[in-house]
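Q: Fold the following and give me the result.
(chains A and B)
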2 protein chains.
Amino acid sequence: MNLILLFDEDFIAPDRVRLHDRRLTHMLEVHKPEVGEQLRVGLLNGAIGLGRVLSLSAHEAELQVELDREPPAPLPLTLILALPRPKMLKRTLQTVATMGVKELWLINSYRVDKSYWSSPLLSEQSIREHLLLGLEQAGDTHLPEVHLRKRFKPFVEDELPAICTGKRALLAHPYNASPCPAPADEPTVLAVGPEGGFIQYEVEKMLEAGLSPIHLGPRILRVETAVPVLLAKLFPLPT
Amino acid sequence: MNLILLFDEDFIAPDRVRLHDRRLTHMLEVHKPEVGEQLRVGLLNGAIGLGRVLSLSAHEAELQVELDREPPAPLPLTLILALPRPKMLKRTLQTVATMGVKELWLINSYRVDKSYWSSPLLSEQSIREHLLLGLEQAGDTHLPEVHLRKRFKPFVEDELPAICTGKRALLAHPYNASPCPAPADEPTVLAVGPEGGFIQYEVEKMLEAGLSPIHLGPRILRVETAVPVLLAKLFPLPT
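A: Sure, this is the predicted structure:
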């Protein structure tokens, strides 16, 4: 937790918050601040700044906060992922939130095990929790939007073409593909398949919808490695 | 497993192998090949190619193999990591092997919990297993070398300067740092700290040893995300 995320209900005055829950636990166990010390804080979907510890006990912490800066810039990216298996989904949600992705579509694919769609990790509450962890890691405040699409065909036929319009639209798929393009700070759509890849039918549907296939070279990366590598290749270093 | 790794002891003739163990299990449960089908294979630390299934039963598989190509090129990188916590170490070993790192130093740091050094994951056997999984994922055969250094000071004073000589030598450290340099296919040393970063004393010692600090922008990434991002930024797409 490199930033303590604040919510409207934490405020007891315009510049003062009172914290309980896991954020207090984290302060007590990890930060261990003295009274008067300043910690990085940010308002969910708002500005970031510093919070000076006014008091700290086993039951609550009070901070005086000044939120005077913008959080890191988002990536201009719409990321489409074949739903990963639950264990990997957790980490993926955190990673994409940490890296600044603000729009994520989790979609079905032939190689996505049906059982993944009934995972409790897909509840709104659980998705939000993992995204918040990712934001706190990054020092960001803007919660990504996550869309679930359990049916592949209606998604690629009815929604994907409009998502791609006017954007650099890419499909990470190693066959008949161009090398991953150079970093560019431009609106981008990127689709990444499941372990084992999208099947040929799915690839064809996605190309029809406007995506172009790209590859990362001869090494085959797991999804959780491929995503950070692709984002690092596609976008310039943020400033 | 995108490639079945072969060992000398698998060969029953110059072009024929017999497999038992987890590789057989993987073939039976995941690949499910017909007799006559070809699978990607590679000899540990050697060439890659195809293996045609001659026979397959619950007890063993026999393949006729032709190893006629070089595995993907290695990254010209010496990677130095503060020892990650055990759960993350597993994934890190796999990831660095998948991405083509061939020399890894796991070192101590003030923020590395002492208990991590007694993890059974640090046994030679266990390190090797996770590296093999990473190679099989990538389609690579060359096993990385892993060095463990439980004492920080002798490592940075007595070994690190020579490791850095004649190389692009970088320390991922967000303070007083330059932006991560552009991709270059040149011999590189990269050091990455623990969660929370190297402490000031350690940073100073590493700068003295010849490393230059670089950063990845305002977002703070977990080690398991920072490593793929750094490698993607520092090296051109392999061909």
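
Q: So the closest residue to A:T239 other than its chain neighbours versus A:V41, what's the distance?
A: Nearest non-adjacent residue to A:T239, counting by Cβ to Cβ, 6 or more residues apart in numbering or on different chains: B:G217, 6.6 Å away. Quick note: C-beta positions are derived from backbone N, CA and C, even for glycine. The spacing between B:G217 and A:V41, counted by Cβ to Cβ, to the nearest Å, is 20 Å.

Q: more neighbours, these two?
A: A:V41 (24 against 19; other Cβ atoms under 10 Å in any protein chain shown).

Q: Name the residues linked to the more buried one by a beta bridge.
A: A:I4, A:G49 (DSSP bridges).

Q: State whether it and A:M1 are indeed in contact, as I suppose.
A: No: contact criterion Cβ atoms under 8 Å: A:V41 and A:M1 do not qualify, at 10.6 Å.

Q: So what are the structural domains in chain A, by residue number?
A: Structural domains of chain A, as assigned by automatic domain parsing, span the residue ranges A:4-69, A:77-234.

Q: any chance of the ones you listed in a markdown table, plus mean pLDDT and distance to B:L234?
A: Below are those laid out as a markdown table (pLDDT from 0 to 100; distance: least, Cβ to Cβ, whole Å):
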| stretch | mean pLDDT | distance to B:L234 |
| --- | --- | --- |
| domain A:4-69 | 96 | 28 |
| domain A:77-234 | 96 | 10 |
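
Q: ok, the closest residue to A:R151 other than its chain neighbours - contacts?
A: Leaving out its chain neighbours, the residue that sits closest to A:R151 by Cβ to Cβ, 6+ apart is A:N108, at 6.1 Å. A:N108 makes contact with A:A82, A:L83, A:W117, A:R149, A:K150, A:R151, A:F152, A:F155, according to Cβ atoms under 8 Å, 6 or more residues apart in numbering or on different chains.

Q: If we use 10 Å, what do you get?
A: A:82-83, A:114, A:116-117, A:148-153, A:155, A:194, A:202 (Cβ atoms under 10 Å, 6 or more residues apart in numbering or on different chains).

Q: following the helix or strand A:D68 falls within, which helix or strand comes up?
A: Under the criterion of DSSP states H and E, A:D68 resides in strand A:61-69. Downstream of strand A:61-69, the first helix or strand assigned by DSSP H and E is strand A:77-82.

Q: Just give the strands next to that next one in its sheet, each with its orientation.
A: Counting by DSSP bridges, strand A:77-82 is paired with strand A:103-107 (parallel), strand A:188-192 (parallel).

Q: Need the winner for burial among the ones you listed.
A: strand A:188-192 (a mean of 23; mean count of other Cβ atoms under 10 Å in any protein chain shown).

Q: Could you tell me how far A:K153 is located from chain B?
A: From A:K153 across to chain B, the span is 26 Å (Cβ to the nearest Cβ, to the nearest Å).

Q: so A:D140 is in which element?
A: Going by DSSP H and E, A:D140 is not in any helix or strand.

Q: Other residues contacting the strand holding A:D68?
A: So strand A:61-69 is contacted by A:4, A:6, A:10-20, A:23-24, A:27-28, A:31, A:33, A:35, A:37-39, A:41-43, A:46-56, A:141, B:218 (Cβ under 10 Å, 6+ apart).

Q: Let me know the secondary structure of the residue nearest to A:M206 when sequence neighbours are not counted.
A: Closest residue in space to A:M206, ignoring its immediate chain neighbours: A:L171 at 5.2 Å, by Cβ to Cβ, 6+ apart. Here A:L171 is recorded as strand under DSSP: H, G, I helix; E, B strand; the rest coil.

Q: ok, now A:P218?
A: Put simply, A:P218 is coil when judged by three-state DSSP.

Q: how close does the closest residue to it other than its chain neighbours sit to B:A226?
A: Excluding its sequence neighbours, the residue lying closest to A:P218 (Cβ to Cβ, 6+ apart) is B:P72, at 4.2 Å. To B:A226, B:P72 is 22 Å away according to Cβ to Cβ.
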